[in-house]
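Colleague: Please work out how this folds:
(2 chains)
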Amino acid sequence: MKMATSSERSPPPFPEDLEPEPDEVGDQDSDDGEDIFLGADNPLEIKMDHSLPASDIASSTKPLSEASSAPVMDILSEPASEAFSAPMMNLLMEPASETSSAPMVDLLMEPASETSSAPMMNLFMEPASEASSGPMVDLLMDPASDDLKEPPKPDINPLADIINDAPLSEVKTPVAAMTQEPPSDLFDDEPSELFAEPRQSNTAKQQQTSIFDEPDEDLFSEPLGEALKKPQNDVFKEALAPVAKASNVCGPLSDNYNEDPTDIFTEEAITTLPSAVSTVSVNSKTNGVHSDEEEPDIFAEATVELSLDSPRNDRKKKEAAKPSASASAPSVSASASKPQPKTLEELDEEIEDKFELNISITNPEKVGDGMNAYMAYKVSTQTTLPMFRSKTFTVRRRFSDFLGLYEKLSDKHTLNGYIVPPPPEKSIMGMTKVKVGKEDNSSAEFVERRRAALERYLQRVVFHPSLLQDPDVREFLERDDMPRAHNTQALSGAGFLKMINRATDSLSKMTIKMNESDVWFEEKLQEVEAEDQQLRKLHIMVDSLVGHRKELSVNTGGFAKSVAMLGSSEDNTALSRALSQLAEVEDKMEQLHQEQAASDSFCFAELLADYIRLLGSVRASFDQRMKTWQRWQDAQNMLQKKRETEAKLLWANKPDKLQQAKDDITEWEAKVTQYERDFDRVSATVRKEVLRFEKEKARDFKKQIIKYLESLLQSQQQLIKYWEAFLPEAKAIA
Amino acid sequence: VLNVDLQTDATLQVDISDALSERDKVKFTVHTKSTLPNFKQNEFSVVRQHEEFIWLHDSFVENEEYAGYIIPPAPPRPDFDASREKLQKLGEGEGSMTKEEFTKMKQELEAEYLAIFKKTVAMHEVFLCRVAAHPVLRKDLNFHVFLEYNQDLSVRGKNKREKMEDFFKNVVKSADGVLVAGVKDVDDFFEHEKTFLLEYHNRVKDASAKSDRMIRSHKSAADDINRIASTLYTLGTQDSTDVCKFFLKVSELFEKTRKIEARVAADEDLKLADLLKYYLRESQAAKDLLYRRGRALVDYENANKALDRARAKNKDVLQAETSQQVCCQKFEKISESAKQELIDFKTRRVAAFRKNLVELAELELKHAKGNLQLLQSCLGVLKGDT
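Modeller: Next comes the predicted model:
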């Protein structure tokens, strides 16, 4: 009860003391938290600085047992800055080191970031494929209830209640009390509560959208409904049921739970991918599993009650849900045999259609003077996504902030095989020019080139369904006072390339060792490498074209002046006139070549540079898969050794050490199982990511090259205009 | 081909019907059609080399009789060195490139070589046509020998000593030229022509150099597009996905546009750069004429002074009178033809510029329209696909 009251008080944890402007709370509170941490413990400084403290707390799942969570709540109830004192710090310290070995926890805990990503996918896919065969309900329900030692009902109920009623925080009480291993939803909610209090409803929204805005939307709702058929009446009346369910099932995926449930998910992950995906496309037409009339209502209710979505979204959801009611099971199993690529395409198109986020970077501005000067950019976001506080907002960011964002995202997501879009490289040359304040063409061009590159970079990030959910991305887009990113030096041009090359080196070394069981990966990697090579070559050539076109522009300008002079010295009036007309034509041509060189560079060369960098990230994700494979193999070898040790001990008849050996074997068996699962999971992610990447690449290339060709076309049209005007002048010479 | 618009008539027509490149030599087949009685036949051909053209040119320059005429400028020496050097480099780099790249490079070089070859032939032909169209020079005996004698003219290139002599002659001439040019002309027409040609020559020289640079970078850009096309082709043949087909189409487009782009550069070279280059040499020849006249004027004035002095001293008066008369005759003779020559030069120049600039504009339009059409149809296909 004490905890309940304490968390009820928690909504504005600091405002009175630390943040007098209520509007700003959402932005400020994580700062406050950070300050407190800094005061309490210095070694954590950098960590706190970079990632939301929230996620750190979130990752503290394991040690945050009942006993220790009590003092935390106590502390929270005191709005003083001392709130986070020693016990809390300890709590945070431990998991920090612990979770680093299992980054999965990190990701799953943060509701916004990962609910829709790979593990979740697996989760959804699993029931989808099973739905047609029947026993899915048991599969999904059993492990969940077993592990939680409580039926999911009580878990969900309070949570939903609370969300509906008001203070989300109340959830903690029952949940924490109920499960020995606190389920993730506790921590899902807690961080946002601690640090982003006013966004409380946002947290709910995020979850909601992450589910609904994903391509998995129908997939999810469909098997879920089936899976929870029985408890549905109680649970689903509470609009938030899917959300609660989602975070609950995430629980098993974390370290504590991943014995049974994950087994099911990951094993099936790859094989069910096609069928699961194909279900999506079918769902819109005839969704098999549902016959409940309540289903549409549930979703509608959810949206209304929480006012999560715009009416448009609401309607969408209804549309999506409606056909599902009239569907029948066989259609699902039939559709499962559909070829994969096509449905994937459809899937992507769905993403595109639903994409409701526009990002632009404008107004590059030099801040400061001398060598400490830097460029700041205005990052404007326009969105109807409910996960954001408002529909339009702008922040100012500097280049290192973009690098910082990449580092954060890369740290979190590369490990899982995601292709994290890389930012443009640092350019000491370009920036020095800007710093020195040379107001010439090349520095203006540099600034514009970088602005555009940063814009494309950020668009790629938010376009990635999983990365969009990352709190760091949201923070980057929304938060007014970003803490300065440190250590971005590592990403300076040369360093970045080195990094990629290193990855490539280790990759090729590993390829020799790795006996690839999946030909797809082997072939794809080869394709990627060949493509990388060709793109680099092409990039050099396009760069050369840009250079020559600029040279042509300058030389045409020179010729124009020279011809003008020749015209002025010509003593035949008509010829003199024609020559000065020719000079004018050449003057315009200079401009035209200049513009064309800019098009060559911005439309074509930059596109290639982007994709050379992106292919580096693609390689990194293959590399990651290889590493996971290596870890699994190492664990297998270790297990083999342990077994040999046991055999030796048996033979030597040393029963005293036998128990230890048996324990070791059990431990390593578990590790092998888990690492194999990790490998399967990462493989599935890489495959999905590569397909997504290729799709996006095709779209990007087509769009950009068409744009480029259009620029060429315009050049030619201008050229025709100029020469047509000149021709009569030439004919008039007499 | 460069057109300097010469007034030709049927009595003497000269052209280069064929040319053969042998190592460092180019052999031109000079073809003549004539109704003039001093030729044995009405139509005949001989094989001539560049040195023989130079010999003919120099024989005109050295002939005092022609001092009052603009001597048609000698054709520039065939220069395939750059092209050959590139070809050699290509051979060395053969191992390091793909077969397509090698073929592409070879094609480019061959095209370049062919262009230089054609230009060389054109320049030599223009020289002969100019002479054949000239009312006085067309009757020159050396010229007739050059056209008709079907043996080697045994013209040897200048040796080192002769070259050094030429060099000093030129130094003296240009120093003298400055001196002579500084003398105010008694005739307003010539005074005006002098100022005009001095300025015009410098400017046409500048324009010629600038046009060369412009065209060179245009060619480089066209070559880049060519390489981009072949790399896109490689990218497009990697597999048969949608985007690969896209790359192939774009490659195909660039393959065509680069050809047009190269043609634009080549035509600008022919219609613009060559025209300017020709007038650089023609204006030099006109300047040389003015120099000769200026020199004759200075000589005449000096002879007048010498005569005055001789009369004052009453010493060697007859000798001074003769000398003064010779100088006077020479100056008047030069002045007489020079005026017409300079008027003709202007007429020819205006006509040549007109013709070439009209053709340039027409070719630019033709190429731009070709490019536009290619781009439009390609974009139509690509947009239809996506």
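
Colleague: longest helix of chain B?
Modeller: As assigned by DSSP state H, the longest helix anywhere in chain B is helix B:317-385.

Colleague: nearest spatial neighbour of residue 357, skipping sequence neighbours?
Modeller: Picking chain A for this. residue A:383 (4.4 Å; CB to CB, 6 or more residues apart in numbering or on different chains). C-beta coordinates here come from the backbone N, C-alpha and C atoms, glycine included.

Colleague: right idea, wrong chain: chain B
Modeller: residue A:730 (4.0 Å).

Colleague: tell me which parts of the stretch 51-200 of chain B are close to chain A?
Modeller: B:196, B:199, B:200 (CB under 8 Å from any CB of the partner chain).

Colleague: Spit out the contact partners of the first one.
Modeller: The contact partners of residue B:196, taken as CB atoms under 8 Å, 6 or more residues apart in numbering or on different chains, are A:569, A:571.

Colleague: So it: helix, strand or coil?
Modeller: helix (DSSP: H, G, I helix; E, B strand; the rest coil).

Colleague: for chain B, what spans make up the strands?
Modeller: B:12-22, B:25-34, B:43-49 (DSSP state E).

Colleague: neighbours around the closest residue in space to residue B:228 that isn't next to it in sequence, how many?
Modeller: Of all residues not flanking residue B:228 in the chain, residue A:541 sits nearest, at 5.0 Å (CB to CB, 6+ apart). Neighbour count for residue A:541, taken as other CB atoms under 10 Å in any protein chain shown: 23.

Colleague: so residue A:541 makes contact with residue B:229?
Modeller: No: counting by CB atoms under 8 Å, residue A:541 does not reach residue B:229; the two are 9.5 Å apart.

Colleague: Now do the shared contacts for the two.
Modeller: In contact with both residue A:541 and residue B:229: no residue, using CB under 8 Å, 6+ apart.

Colleague: ok and the residue in the stretch 51-200 of chain B nearest chain A?
Modeller: Closest contact between the stretch 51-200 of chain B and chain A, by CB to the nearest CB, is at residue B:199 (4.6 Å).

Colleague: just checking, residue B:25 touches residue B:49?
Modeller: Yes: judged on CB under 8 Å, residue B:25 makes contact with residue B:49 at a distance of 6.0 Å.

Colleague: The two - which one has more neighbours?
Modeller: residue B:49 (19 against 11).

Colleague: circling back to that earlier point, near the residue nearest to residue A:357, how many other residues are there?
Modeller: Around residue A:383 there are 18 residues (other CB under 10 Å).

Colleague: List the contacts of it.
Modeller: A:356, A:357, A:358, A:391, A:392.

Colleague: Look up how far residue B:58 lies from the last one.
Modeller: Shown here: residue A:392 relative to residue B:58, a distance of 82 Å by CB to CB, to the nearest Å.

Colleague: Neighbour count: those two, which is higher?
Modeller: It is residue B:58, of residue A:392 and residue B:58, that has more neighbours when counted by other CB under 10 Å, with 16 against 10.

Colleague: May I ask which of the contacts of residue A:383 has the most neighbours?
Modeller: residue A:357 (18 neighbours).

Colleague: Spit out the contact partners of that one.
Modeller: For residue A:357, the contact set (CB under 8 Å, 6+ apart) comprises A:381, A:382, A:383, A:385, A:462, A:468.

Colleague: Find the nearest non-adjacent residue to residue B:27, please.
Modeller: residue B:20 (4.5 Å).

Colleague: Touching, that neighbour and residue B:78? I think so.
Modeller: No: counting by CB under 8 Å, residue B:20 stays clear of residue B:78, with 11.7 Å between them.

Colleague: still on that earlier bit, I'd assumed residue B:354 was in contact with the residue nearest to residue B:357.
Modeller: Yes: counting by CB under 8 Å, residue B:354 is a contact partner of residue A:730 at 6.7 Å.

Colleague: what residue ranges in the stretch 101-250 of chain B score low on pLDDT?
Modeller: Scanning the stretch 101-250 of chain B for pLDDT under 70 picks out B:156-158.

Colleague: all helices of it, in order?
Modeller: B:141-148, B:160-181, B:188-236, B:242-268 (DSSP state H, counting those that start in this stretch).

Colleague: Nearest to residue B:92 among those would be which one?
Modeller: Shortest separation from residue B:92 across those is recorded for helix B:188-236, at 18.5 Å, computed as CB to CB.

Colleague: angle of the closest one against helix B:242-268?
Modeller: 160 degrees (axes from the mean of the first three to the mean of the last three CA atoms, to 10 degrees).

Colleague: and chain B, what are its domains?
Modeller: B:1-155, B:158-385 (the TED database).

Colleague: got a list of what the spatially closest residue to residue A:384 that is not a sequence neighbour touches?
Modeller: Closest residue in space to residue A:384, ignoring its immediate chain neighbours: residue A:356 at 4.3 Å, by CB to CB, 6+ apart. The contact partners of residue A:356, taken as CB under 8 Å, 6+ apart, are A:383, A:384, A:385.

Colleague: Look up how far residue A:395 lies from residue A:356.
Modeller: 19 Å.
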